[in-house]
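Asks: all I have is the shape, not the residue letters:
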């Protein structure tokens, strides 16, 4: 157990993930925790006597639900810089000076502030506070000026800064989003790397060196060392907080993980083994690492959602020296011990079953014990990924269970079964997008007999009992579970086809000194052997099994031309080729005949239907997919965003007026009650009822307006991201992104439309 050195109670509930500590007066550390109702609870152990009169506790009221919280300093001009408190809400970011009780700056954030991080990209750059909202990421300096801006694929759920790639000794921005991706951005807002995860990323924490920890919504935690996964474990309780703390005084901070079950543990950063642990009666809200009692060394402060706080010190010198031995002797590594115990039980049960069945072995049982599983996968146009499981030794493949990312299956796993007495079973899966996937496959192999064989599982498949197997009639009564795994590259879902009509627009060009490495790379991605010797002088065509997007590739005059009806597809492929093969993105040359291709009739009808049905989400999706093929829809979307901004301001003013009227009517009714004028009191309450009804109606309209605005801004951010990735790296891309940012700041949708049109048309041509 991890024994606390001190503890105290805040007296207020604490929201998960909203705990921090700072030196707000320049001398004394203070703990800050967000509570419900827009309150921030401050605990200063060096102020008053908490045990007597709670004078160590103070409150800050911001009257808005707090979505993220952190503390730090942005002003480096003073020798003893005070930490500021940064409070993020659904609509704003506040920088607050606690010592002087004043706002440093207040920023309106229409996209919201779901996550927050503070730091600097290198020693020469100024520190910034970065917030992430609905697809957009903003960074602000000490004066409240936005000095950093970029967009990502979905709502931002976690942020952190660390030297992940260690390029020129600079820190990068790590962004986790709800589209199951981790992205790495540099100081120029260029995306350097992208990781596909199985679930939405909920937490990020920088560790030592190039390592950082992450947590997913399905309970998975892990550590990435640069771009390599050091380890990952899926646990029953989801993680609510992460922190880095050197518990064994070896100079390398360990990973501290808090869970919704109330427990928290300290894990080795390189293996994930549990070193020490403790438990609250309530879920863990967060951690803070600071020299809280001015003892000359940092302490780990753990806070529960009930407001209970405990402080922990690192192990002493003697404890640290014998730490590894103590972990083994005391059995602290409960996770590994549980796995070994489970494995022991499985082996004992398997041995017993084999001993019982030994006198009655037949040819079917022997064949089943030798059966092996082989997996095959290929992309099939119009059907998705065709996964075939085959069992040898004359056995049958009765059922197949596929597990992996919930984005791929919609749940933890998906089951397929067959009543045919066949050695293979085929399943079709449609991926939601083109990204790398790892699919775990468990096949149920059968043989004709009257006994049951012991299931041999390399991992437990707990979701089997939840699978609907209606109509399942097995052709065998002896079964064995066989396990396999498929690792699919990012662009495996591209299916080669003969031709595309009409030809897609060429939207990107890469300077390629030799075409052979590109062909080899395509074969690796598609797991084929068709392009290694292909010079690509004639265009080759592909169809995405995810969304039926088309793609064309052609090599001409030292340039690889990429055409597609999907901005995201060609942007992802351009980025992958440029980063993995060190190719340079250039403008599509004027020598290529520029001829606008008419948009497909089906897509035009789909967009018109979305407009006719007033479906903003569908229209936003179409525009985000291919802004070039839908210029009218793009213009409509930008105009709609401008109108929604104006309506938002008008509705906010009306709600404010209605709120003031409600307060006045309430006071008037109370005055009439005190004076005994019952008739006038009834009239006042009747007016109050009508005003309250109007206020609820206005709020409902404003809520609908906000949802539509969020969907539209998300589509706009994706358009900007996809278009920026098609621009040549360097000055051209920086100018484009900077221009888009200025237009959005000024709410000038007309200028933004012109900028996007100029960027897309400059890169459009047909093969």
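Replies: Thanks, I have the structure now. Computed from a predicted structure; not experimentally measured. Residues are numbered from 1 along each chain as shown.
Asks: just confirm residue 576 is within a helix.
Replies: Yes: the assignment for residue 576 by DSSP: H, G, I helix; E, B strand; the rest coil puts it in a helix.
Asks: quick one: contacts for it?
Replies: Shown in contact with residue 576 (Cβ atoms under 8 Å, 6 or more residues apart in numbering): 490-491. All C-beta atoms are positioned from the backbone trio N, CA, C, and that covers glycine.
Asks: likewise for residue 389?
Replies: 373-375, 397, 400, 424-427, 441, 443, 484.
Asks: distance between the top helix by length along the chain and the chain's centre?
Replies: Selection of the longest helix in the chain by residue count, based on DSSP state H, yields helix 678-725. If you compare the mean C-alpha spot of helix 678-725 with that of the full chain, they lie 28 Å apart, counting by Cα atoms, centre = their mean, to the nearest Å.
Asks: the strand ranked longest in the chain vs helix 678-725, what angle?
Replies: Ranked by residue count under DSSP state E, the longest strand found in the chain is strand 146-162. Angular relation of strand 146-162 and helix 678-725 on a 0 to 180 degree scale: 80 degrees, by axes from the mean of the first three to the mean of the last three Cα atoms, to 10 degrees.
Asks: pLDDT of strand 146-162, averaged?
Replies: On average, the pLDDT along strand 146-162 is 86.
Asks: can you map out the helices along the stretch 301-450 of the chain?
Replies: The residue ranges that make up the helices of the stretch 301-450 of the chain, judged by DSSP state H, counting those that start in this stretch, are 317-321, 323-330, 334-357, 363-370, 406-409.
Asks: go on, the chain?
Replies: Counting by DSSP H, the chain forms helices over residues 50-53, 317-321, 323-330, 334-357, 363-370, 406-409, 516-526, 567-580, 601-612, 616-625, 631-675, 678-725, 731-745, 749-761, given from the N-terminal end onward.
Asks: start to end distance for stretch 245-260?
Replies: 20 Å (Cα to Cα, to the nearest Å).
Asks: so where is the stretch 101-250 of the chain shaky, pLDDT-wise?
Replies: Per-residue confidence for the stretch 101-250 of the chain (pLDDT under 70) gives these ranges: 166-168.
Asks: any stretches of the stretch 651-767 of the chain with poor pLDDT?
Replies: Scanning the stretch 651-767 of the chain with the threshold set as pLDDT under 70 gives 728-732, 759-767.
Asks: and for the stretch 451-600 of the chain?
Replies: Residues of the stretch 451-600 of the chain meeting the criterion pLDDT under 70: 451-479, 532, 589-600.
Asks: quick one: the strands in it?
Replies: Counting by DSSP state E, counting those that start in this stretch, the stretch 451-600 of the chain forms strands over residues 478-488, 494-497, 505-511, 540-544, 550-556, 559-564, 584-586, given from the N-terminal end onward.
Asks: including distance to residue 262 and mean neighbour count, could those go into TSV?
Replies: Written out in TSV, the entries for the strands of the stretch 451-600 of the chain read as follows (distance: least, Cβ to Cβ, whole Å; neighbours: other Cβ atoms under 10 Å):
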stretch	distance to residue 262	mean neighbour count
strand 478-488	34	18
strand 494-497	47	18
strand 505-511	51	24
strand 540-544	45	21
strand 550-556	50	21
strand 559-564	50	24
strand 584-586	50	17
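Asks: looking at the ones you listed, which is nearest to residue 222?
Replies: Within those, the stretch nearest residue 222 is strand 478-488; the backing value is 16.7 Å (Cβ to Cβ).
Asks: the closest one packs against which elements?
Replies: Strand 478-488 is packed against helix 363-370, strand 373-380, strand 384-391, strand 437-447, with contacts defined by 3 or more Cβ pairs under 8 Å, 6 or more residues apart in numbering; DSSP states H and E.
Asks: out of those, flag the one nearest residue 263.
Replies: Nearest to residue 263 among the helices and strands packed on strand 478-488 is strand 437-447; the distance by Cβ to Cβ comes to 27.1 Å.
Asks: list the buried residues for the closest one?
Replies: By neighbour count, with 16 or more other Cβ atoms under 10 Å as the criterion, the buried positions of strand 437-447 are 437, 439-447.
Asks: what's near enough to touch residue 658?
Replies: Counting by Cβ under 8 Å, 6+ apart, residue 658 makes contact with 691, 694-695, 698.
Asks: switch the cut-off to 6 Å
Replies: By Cβ atoms under 6 Å, 6 or more residues apart in numbering, the residues touching residue 658 are residue 695.
Asks: over to residue 521?
Replies: Residue 521 makes contact with no residue under the criterion Cβ under 6 Å, 6+ apart.
Asks: where's it relative to residue 515, distance?
Replies: 11 Å (Cβ to Cβ, to the nearest Å).
Asks: and residue 578, by the same measure?
Replies: From residue 578 over to residue 515 the distance is 15 Å, taken as Cβ to Cβ.
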